[in-house]
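> next one to model:
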Amino acid sequence: MTDPAAPDAVLRAERLAKTYDEGAGRVEVLRDVSLSVHAHEMVAVVGASGSGKSTLLHMLGLLEEPDEGRLWIAGQAANGLDERRRSRLRNQALGFVYQFHHLLPEFTALDNVAMPLIVRRLPRAQAREQAAAMLDQVGLAARSAHFPGQLSGGERQRVALARALVTQPACVLADEPTGNLDRHTADAMFALLARINRELGTAFVIVTHDPALAALAHRRFHMQAGQLAEDTGEAG
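Modelled structure (predicted):
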């Protein structure tokens, strides 16, 4: 089933809710959360630790099912899919960047970036060719044969970004993508995210504590006690 309300949205969530059992009681982590993201858009979600930001990102990334609400990814209904179809939709439409790069240490930068394409069963030579082009996009063509342990923190995070982008996803979900970087390296990462968004049209949903990164976004949302509210002030 395609999205009847916003067919041009790359990602749309409608009234998501999630509750977890915790000790003797239940904790409501998300409550009535709705969000639409379109191509060429960069959206930031800010909020205190424990406010529900990461849980929201897990829902949007098809890593967890909501207890209530509906979700569409690239126009396709995502509720109730079995794990095989969820994995396929995730691989086709979404990219992920985390605070820690999660690169495979035994593979070069090139092969780390090629991995999502190899999972798609793309011929290895073609996967590596596309991975090389994406490493060039993030300014790391000269480092493609290096292993993660031979790269700086900022370089590893750029490899992780290239890996997220190599499948040409409709939307990249980024969880504190600069949280493990120093200020100078984080600023360079900010600039790279903005350029990729502008030049490739990739949508981004970025969970961050960093006001400088949030200020880059076209729209900013604040998460508090499981509820999401848009910042209606002028965008930075």
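> so what's the one residue sitting closest to the centre of the chain bridging to?
By CA atoms, centre = their mean, the chain has its centre lying nearest to Leu173, at 1.1 Å. Taking DSSP bridges as the rule, Leu173 bridges to Phe96, Val205.
> that one and Arg90 touch, don't they?
No: using CB atoms under 8 Å as the test, Leu173 is too far from Arg90 to be in contact (9.9 Å). C-beta here means a position set from N, CA and C on the backbone, and glycine is covered the same way.
> mutual contacts of those two, please.
Taking CB atoms under 8 Å, 6 or more residues apart in numbering as the criterion, Leu173 and Arg90 both touch Gly61.
> ok, the residue nearest to the centre of the chain - contacts?
By CB under 8 Å, 6+ apart, the neighbours of Leu173 are 57, 60-61, 94-97, 204-205.
> please redo it, this time with the cut-off set to 10 Å
11, 37, 56-58, 60-63, 90, 94-98, 164, 203-207 (CB atoms under 10 Å, 6 or more residues apart in numbering).
> and those, which of them are in helices?
Mapping these onto helices (DSSP state H) picks out 56-58, 60, 90, 164.
> dump the residues you listed to TSV, plus neighbour count.
Below are the ones in helices among the contacts of Leu173 laid out as TSV (neighbours: other CB atoms under 10 Å):
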residue	neighbour count
Leu56	28
Leu57	21
His58	17
Leu60	26
Arg90	20
Ala164	24
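> can I get these in JSON lines with pLDDT?
Shown next, in JSON lines, are these (pLDDT from 0 to 100):
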{"residue": "Leu56", "pLDDT": "90"}
{"residue": "Leu57", "pLDDT": "89"}
{"residue": "His58", "pLDDT": "88"}
{"residue": "Leu60", "pLDDT": "91"}
{"residue": "Arg90", "pLDDT": "86"}
{"residue": "Ala164", "pLDDT": "88"}
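> Glu68: which of these is nearest?
Leu56 (13.6 Å; CB to CB).
> my guess is the closest one meets Ala17, correct?
No: applying CB atoms under 10 Å, one finds Leu56 not in contact with Ala17, separated by 11.0 Å.
> mind listing the shared neighbours of these two?
Joint contacts of Leu56 and Ala17 (CB under 10 Å, 6+ apart) are 29-30, 33, 66, 226.
> could you list the buried residues of stretch 64-78?
Residues of stretch 64-78 classed as buried: 66, 69-75, 77-78 (neighbour count, 16 or more other CB atoms under 10 Å).
> all helices of the protein, in order?
Under DSSP H, the chain gives helices at 53-60, 83-93, 109-119, 124-137, 153-165, 183-200, 211-216.
> what residue ranges in the protein are flagged as low confidence?
1-7, 101, 233-236 (pLDDT under 70).
> returning to that earlier point: which of the shared contacts of Leu56 and Ala17 fall within strands?
29-30, 33 (DSSP state E).
> among the residues you listed, who's most crowded?
Of all these, the highest neighbour tally under other CB atoms under 10 Å goes to Leu30, namely 28 neighbours.
> what pairs with that one across the strands?
Lys18.
> for it, give me its contacts.
Leu30 touches 13, 15-19, 51-53, 55-56, 58-59, 64, 66-69, 223, 225-228, counting by CB under 10 Å, 6+ apart.
> repeat that for Gln137.
Contacts of Gln137 by CB under 10 Å, 6+ apart are 158, 161-162, 165-166, 192, 195-196, 199-200.
> again with Leu62
Counting by CB under 10 Å, 6+ apart, Leu62 has contacts 71, 73, 78, 81, 83, 85-87, 89-91, 93-94, 173.
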